[in-house]
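>>> Quick one, structure for this:
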Amino acid sequence: MSEIVCDLDKNTNEAVLLIHWTGGRHTEVRVARVKTGRYPGDMAPTAVDALRKLAGRWPDRELAVSLNRMRCKTGDGETWTTVRVREMRERLGLPDYDPASSDGQMISLAKAADHFGICVGSAKSLVLKGILPATQAIKGSQWLVPVEALSSETVRIAVQRAIERRPKNYIDYQY
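Sure, this is the predicted structure:
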């Protein structure tokens, strides 16, 4: 293989790869592009199923964010708000979030990132690499991190490496 030329076909939403082989031949390969940040339509749970699994674990605001991220719609095709989640949760007889009832064994990924002093994106990267253990009740919902994982030596080393990769003028970027 001599080189690969990549072009984007916006009409078909594909990446077109043209492979130039050493012997002079060419091969065209088309790869479908996936839109980032989208929940696959065929995997989207119904709002009722999602609420039944998530209610009581998160405040209504977080539930609304998760339902919208999973592309769940209300009965009339609207997006989810805190009020709509509360009304649906009450209609289904699902429990409200009670922070006192949590056993303190799990925290959100955002709180874990804050604990380490890194951004949520870096923390999620550690989760996806399998370094920071975390679970989701349903795909697209909030990540839960075990508190004992915060003191793991492997996790602390990976967090330190993430901090070391920051640019030297990192503080200037914050403002």
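
>>> make it CA atoms for all contacts and neighbour counts henceforth
Noted.

>>> Mind pulling up the pLDDT for the residue positioned nearest the centre of the chain?
Nearest to the geometric centre of the chain sits residue 140, at 6.2 Å (CA atoms, centre = their mean). pLDDT for residue 140: 76.

>>> What ranges does this protein have for its helices?
47-54, 60-69, 82-92, 109-116, 120-128, 153-164, 170-174 (DSSP state H).

>>> so which of those gets nearest residue 147?
helix 109-116 (8.3 Å; CA to CA).

>>> pLDDT below threshold where in the protein?
35-44, 101-103, 169-175 (pLDDT under 70).

>>> Residue 5: how many residues sit nearby?
10 (other CA atoms under 10 Å).

>>> same question but for residue 48, I mixed them up
So residue 48, with other CA under 10 Å, has 15 neighbours.

>>> Tell me how far the residue nearest to the centre of the chain lies from residue 45.
10 Å (CA to CA, to the nearest Å).

>>> hey, what's in contact with both of the two?
Residues touching both residue 140 and residue 45 by CA atoms under 8 Å, 6 or more residues apart in numbering: residue 70.

>>> Report how many residues lie close to residue 69.
Going by other CA under 10 Å, the residues that sit close to residue 69 add up to 18.

>>> I'd like to know how far it sits from residue 63.
10 Å.

>>> tell me, what's touching those two both at once?
Common neighbours of residue 69 and residue 63 (CA under 8 Å, 6+ apart) are residue 141.
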